[in-house]
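> Structural data only, the sequence is not supplied:
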């Protein structure tokens with residue numbers, strides 16, 4: 001379960017970062033395939049999704065803090 005969780009967390013973070021980047025139009029095929037994979041996971045429930053979102057938010061805050069230093 002831990003491996004699946006961290007794999008999903010990485011995919012979710014990659015999706016959000018890719019959508020924010022200027023290259024999202026070039027990567028649209030990859031983004032859609034990964035998004036379909038994440039959405040189709042059967043064990044993904046609302047609590048888990050909320051945790052993924054909060055983890056991604058914390059990761060972005062940490063990245064912003066590193067860039068500002």
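All right, it came through fine. This one's a predicted model, so the numbers in the text were calculated from it and none came from an experiment. Numbering: from 1, shown residues only.
> End to end on stretch 20-29, go ahead and measure it.
15 Å (CA to CA, to the nearest Å).
> taking the mean pLDDT, what do you get for it?
Stretch 20-29 carries an average pLDDT of 73.
> Excluding its own residues, what touches it? List them.
By CB atoms under 8 Å, 6 or more residues apart in numbering, the surrounding residues in contact with stretch 20-29 are 18, 31. Bear in mind the C-beta positions are built from the backbone N, C-alpha and C, glycine included.
> for the protein, what's the longest helix?
helix 46-68 (DSSP state H).
> Mind giving me the packing neighbours of that helix?
Where contact means 3 or more CB pairs under 8 Å, 6 or more residues apart in numbering; DSSP states H and E, helix 46-68 is packed against helix 2-20.
> returning to that earlier point: show residues contacting the longest helix of the chain.
With CB under 8 Å, 6+ apart, helix 46-68 has contacts from 8-9, 12-13, 16.
> how does it look with 6 Å?
Helix 46-68 is touched from outside by 9, 12-13, 16, with contacts defined as CB atoms under 6 Å, 6 or more residues apart in numbering.
> following the one helix or strand in the chain whose mean pLDDT sits lowest, which helix or strand shows up next?
Sorting the helices and strands of the chain by mean pLDDT, DSSP states H and E puts helix 2-20 at the bottom, at a mean of 69. Heading C-terminal from helix 2-20, the first helix or strand you meet, by DSSP states H and E, is helix 28-40.
> still on that earlier bit, among the contacts of helix 46-68, the buried ones, what's the ChimeraX command?
The buried subset of the contacts of helix 46-68, as determined by 16 or more other CB atoms under 10 Å, is captured in ChimeraX by this line:
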select :12,16
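> okay, the contacts of helix 46-68 in CSV with distance to residue 52 next?
Converted to CSV, those look like this (distance: CB to CB, whole Å):
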residue, distance to residue 52
9, 6
12, 5
13, 9
16, 10
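> List just the nearest of the contacts of helix 46-68 to residue 34.
residue 12 (8.8 Å; CB to CB).
> quick one: the closest residue to that closest one other than its chain neighbours from residue 29, how far?
Distances taken as CB to CB, 6 or more residues apart in numbering place residue 52 nearest to residue 12, at 4.9 Å, with adjacent residues excluded. Using CB to CB, to the nearest Å, residue 52 is found at 22 Å from residue 29.
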